[in-house]
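# Okay, structure incoming, though there's no sequence with it:
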């Protein structure tokens, strides 16, 4: 069987970015695919941008809500609107890599009866101009090839943190609807992690989950809309307290799975996040509140004391200098490669086919 696939994009006030997202998907569409865009009552030009693409591509279905209900409700709704066997959830500011759709569809054909799949990604700067270093999908690169998980707890130990990355998740629509019908989701709506809870419940019913190591997604970093809306402290409350609410709704708080997921957060994610936060010049008063939050949640973990806590005592200026040096090195490397890239882009060996996108041409 050749399973059908819906690209599901919940969006809100992303007129600046959603066009690039759609541009990366449209050239890869097949007859068994659709794009579903759910607009949570955007107040910018998002509707105009999407409508322009919809006029060009009939496979796009666009639904605009009258009120903003939050990301959790939008994720549930956009999957409900889809019509395919599988739903690839996609952030409105990320891109799907060239050839990634066919790669994913091949894997879905090869593996029957999946609850879903998680995809690897490459992180880029906010302008999508160059790749940046970031954490791997699976902690410390323990798995460096496609892997079929068939045990719920092992799957969550390895991918639990990564499940929160919207653009990298594909779910079985039928199984998703079964969970919605038979689960009490109310305690987890409003946490911003309903996707993680849904995946945990799906794995209870079907533990077959595929990790696809090929980097199928281009992740736009430095563009967190939650920070813009909530501020640094509240964003961290979502990341840690709200995520813990969902995690403990799925697994025992003192169990091995919860412990491993917290360890992954501490070892892989928090040092980088805190370093970036300090480089952005967060005030000392906010840092004190973050220190209290982290200590309250993670004081039992040795990793916290040696890998996260010491960063609070490093001056913000040090992180700004390190980031500036890193950006300078990246800029020089881009300058060295620019000539070859421009020649390759501007002098194609054959005429461009009609409708080829800038996203394709640059590759």
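Arrived safely. Fair warning: this is a prediction, and the values are worked out from it, not measured in the lab.

# What ranges does the stretch 51-200 of the chain have for its strands?
60-64, 86-89, 95-96, 116-124, 147-149, 169-172 (DSSP state E, counting those that start in this stretch).

# export the ones you listed to CSV and tack on distance to residue 268?
C-betas here are computed from N, CA, C, even on glycine. Listed next are those as CSV, based on distance: least, Cβ to Cβ, whole Å:
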stretch, distance to residue 268
strand 60-64, 36
strand 86-89, 22
strand 95-96, 23
strand 116-124, 13
strand 147-149, 18
strand 169-172, 18
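
# isn't residue 36 right next to residue 77, touching?
No: using Cβ atoms under 8 Å as the test, residue 36 is too far from residue 77 to be in contact (9.7 Å).

# Summarise which helices and strands the longest strand along the chain is packed against.
In the chain, assigned by DSSP state E, the strand with the most residues is strand 209-220. Judged by 3 or more Cβ pairs under 8 Å, 6 or more residues apart in numbering; DSSP states H and E, strand 209-220 is in contact with strand 95-96, helix 100-110, strand 116-124, strand 147-149, helix 152-159.

# that older thread, more neighbours: which of residue 36 and residue 77?
Set side by side, residue 36 and residue 77 show more neighbours around residue 36, with 24 against 17, by other Cβ atoms under 10 Å.

# Doesn't residue 330 lie inside a helix?
Yes: under DSSP: H, G, I helix; E, B strand; the rest coil, residue 330 sits within a helix.

# nearest residue to it other than its sequence neighbours?
The spatially closest residue to residue 330, leaving aside those adjacent along the chain, is residue 130, at 5.6 Å (Cβ to Cβ, 6 or more residues apart in numbering).

# need the contact list for that neighbour.
Applying Cβ atoms under 8 Å, 6 or more residues apart in numbering, one finds that residue 130 lies in contact with 124, 330, 333-334.

# any chance you could map the helices in the stretch 251-363 of the chain?
Assigned by DSSP state H, counting those that start in this stretch, the helices in the stretch 251-363 of the chain fall at 256-264, 270-279, 284-298, 302-303, 316-346, 358-361.

# would TSV of those with mean neighbour count, distance to residue 52 and mean pLDDT be doable?
Output for the helices of the stretch 251-363 of the chain, formatted as TSV (neighbours: other Cβ atoms under 10 Å; distance: least, Cβ to Cβ, whole Å; pLDDT from 0 to 100):
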stretch	mean neighbour count	distance to residue 52	mean pLDDT
helix 256-264	19	41	96
helix 270-279	18	34	93
helix 284-298	15	40	96
helix 302-303	14	48	96
helix 316-346	12	24	75
helix 358-361	16	15	36
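
# Pop the domain breakdown of this structure in here.
As assigned by automatic domain parsing, the chain contains the domains 5-220, 228-314, 318-361.

# Ranking the ones you listed by mean neighbour count, which comes first?
domain 5-220 (a mean of 19; mean count of other Cβ atoms under 10 Å).

# what about the strands of the stretch 51-200 of the chain, which gets the closest to residue 259?
Among the strands of the stretch 51-200 of the chain, strand 147-149 comes nearest to residue 259, with 18.6 Å by Cβ to Cβ.

# Mind listing the strands that closest one pairs with, and their directions?
Pairing partners of strand 147-149, with direction, according to DSSP bridges: strand 209-220 (antiparallel).

# Quick one: mean pLDDT for the strand it pairs with?
Averaging pLDDT along strand 209-220 gives 97.

# helix or strand right after it?
Per DSSP states H and E, the first helix or strand lying C-terminal to strand 209-220 is helix 225-230.

# Could you list every helix and strand that the helix or strand that that next one is followed by packs against?
Where DSSP H and E defines the elements, the next helix or strand beyond helix 225-230 is helix 232-237. With contacts taken as 3+ Cβ pairs under 8 Å, 6+ apart, helix 232-237 sits against helix 284-298.

# Contacts for the helix it packs on next, please.
Applying Cβ under 8 Å, 6+ apart, the external contacts of helix 284-298 come out as 232-233, 236-237, 240-241, 244, 262, 266, 270, 274, 277-278, 304, 308-309, 312.

# Could you do stretch 118-127 as well?
94, 97, 100, 104, 130-134, 136-137, 159, 162-163, 165, 167-170, 209-223.

# cutoff 6 Å now
Applying Cβ atoms under 6 Å, 6 or more residues apart in numbering, the external contacts of stretch 118-127 come out as 131-132, 134, 137, 159, 162, 168-169, 211-213, 215-219, 221-223.

# Over to stretch 169-185?
Residues outside stretch 169-185 that contact it (Cβ under 6 Å, 6+ apart): 79, 82, 86-89, 115-118, 198, 201-202, 206.

# what does the average pLDDT come to for it?
98.

# Quick one: end-to-end distance for that stretch.
Chord length of stretch 169-185, first to last residue, is 19 Å (Cα to Cα, to the nearest Å).

# next one: stretch 42-61
Stretch 42-61 has an end-to-end distance of 16 Å (criterion: Cα to Cα).

# residue contacts, the residue nearest to residue 319 when sequence neighbours are not counted?
Spatially, and ignoring its direct neighbours in sequence, residue 319 is nearest to residue 279 (3.8 Å; Cβ to Cβ, 6+ apart). Applying Cβ under 6 Å, 6+ apart to residue 279 gives the contacts 319-320, 323.

# List just the nearest of the residues you listed to residue 55.
Proximity of those to residue 55 (Cβ to Cβ) peaks at residue 323, which lies at 41.8 Å.

# Skipping adjacent residues, who's closest to that closest one in space?
Residue nearest to residue 323 in three dimensions, not counting chain neighbours: residue 279, with 4.7 Å by Cβ to Cβ, 6+ apart.

# Who are the contact partners of residue 73?
Neighbours of residue 73 in contact, by Cβ under 6 Å, 6+ apart: none.
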